[in-house]
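# what's the 3D shape of this:
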Amino acid sequence: MTKKDKKGALASLRCKKLYEAEVDKIANVKMTLEVQVIKITSAASDADTVKAMEEAKNVMKAIREDTSIEKVDDIMDAIREEFEQADEISNALAQPIDPLLAYDDDELLAELHAMEETKGVENQLLDQPIIAMPDAPNDGLPVIQNVSVTMEEEEELKRLEEEIGG
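Sure, this is the predicted structure:
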């Protein structure tokens with residue numbers, strides 16, 4: 001190396017160091033900008049999440065205000081009352097309407113035993129007056145309004161009416 005080349009080499013080395021420092025500085029700025037973009041994106045996502053959570057809270061509050069515990073209790077009480085009424089109706093419909101079913105079997109057996117002791121059962125039963133019974137009506141079954149009946153059900157009803165009537 002000559003002395004003249006040494007000066008040129010030092011200048012080139014200084015330029016190289018300046019360029020390397022500039023490249024490092026640019027890399028650091030680029031890294032800082034990328035970190036800021038990531039943080040901004042994260043902050044925007046967090047803000048959207050908070051807004052969504054706030055809206056969900058408001059919707060839940062509106063639903064809760066519309067359906068208070070008192071309202072739910074009232075509805076449940078009304079349902080229980082309807083169940084009780086349905087049970088009462090079912091029990092009422094299940095009661096026998098045949099007057100012969102109203103007698104207790106024990107009472108009937110006691111009466112039969114008493115009849116056997118006093119005189120023959122057959123004689124006592126034959127001594128009973130004959131009760132005249134009315135004729136069964138020949139009219140068709142009453143028509144119930146506002147009831148939807150399928151064709152199959154209607155045909156079955158007609159067939160049953162024919163069997164009963166004739």
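# which strands and helices sit next to the longest helix that the chain contains?
Under DSSP state H, the helix in the chain containing the largest number of residues is helix 3-66. Taking 3 or more Cβ pairs under 8 Å, 6 or more residues apart in numbering; DSSP states H and E as contact, there are no helices or strands that helix 3-66 lies on. Quick note: C-beta positions are derived from backbone N, CA and C, even for glycine.
# distance from the chain centre to the next helix or strand after it, please.
Per DSSP states H and E, helix 3-66 leads on to helix 69-94 as the next helix or strand towards the C-terminus. Helix 69-94 has its C-alpha centroid displaced from the chain centroid by 18 Å (Cα atoms, centre = their mean, to the nearest Å).
# repeat that for stretch 42-52.
Averaging C-alpha positions (Cα atoms, centre = their mean) puts stretch 42-52 35 Å from its chain's average.
# one more: stretch 29-48?
Remark: stretch 29-48 is offset 46 Å from the chain centroid, using Cα atoms, centre = their mean.
# and it, what's buried?
Applying a neighbour-count criterion of 16 or more other Cβ atoms under 10 Å, stretch 29-48 contains no buried positions.
# and it, what's its mean pLDDT?
When the per-residue pLDDT values of stretch 29-48 are averaged, the result is 94.
# now it - C-alpha only, PDB.
As requested, C-alpha coordinates have been extracted for stretch 29-48 and formatted as PDB (Å, rounded to 0.1, in the frame of the first residue of the first chain):
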ATOM      1  CA  VAL A  29     -36.500   2.900  12.500                       C
ATOM      2  CA  LYS A  30     -38.100   0.100  10.400                       C
ATOM      3  CA  MET A  31     -38.300  -2.100  13.500                       C
ATOM      4  CA  THR A  32     -39.900   0.700  15.500                       C
ATOM      5  CA  LEU A  33     -42.500   1.300  12.800                       C
ATOM      6  CA  GLU A  34     -43.300  -2.400  12.600                       C
ATOM      7  CA  VAL A  35     -43.700  -2.500  16.400                       C
ATOM      8  CA  GLN A  36     -46.000   0.500  16.200                       C
ATOM      9  CA  VAL A  37     -48.100  -1.100  13.500                       C
ATOM     10  CA  ILE A  38     -48.500  -4.200  15.600                       C
ATOM     11  CA  LYS A  39     -49.400  -2.200  18.700                       C
ATOM     12  CA  ILE A  40     -51.900  -0.100  16.700                       C
ATOM     13  CA  THR A  41     -53.500  -3.200  15.200                       C
ATOM     14  CA  SER A  42     -53.700  -4.800  18.700                       C
ATOM     15  CA  ALA A  43     -55.200  -1.600  20.200                       C
ATOM     16  CA  ALA A  44     -57.800  -1.400  17.400                       C
ATOM     17  CA  SER A  45     -58.700  -5.000  18.000                       C
ATOM     18  CA  ASP A  46     -58.900  -4.400  21.800                       C
ATOM     19  CA  ALA A  47     -61.200  -1.400  21.100                       C
ATOM     20  CA  ASP A  48     -63.500  -3.500  18.900                       C
END
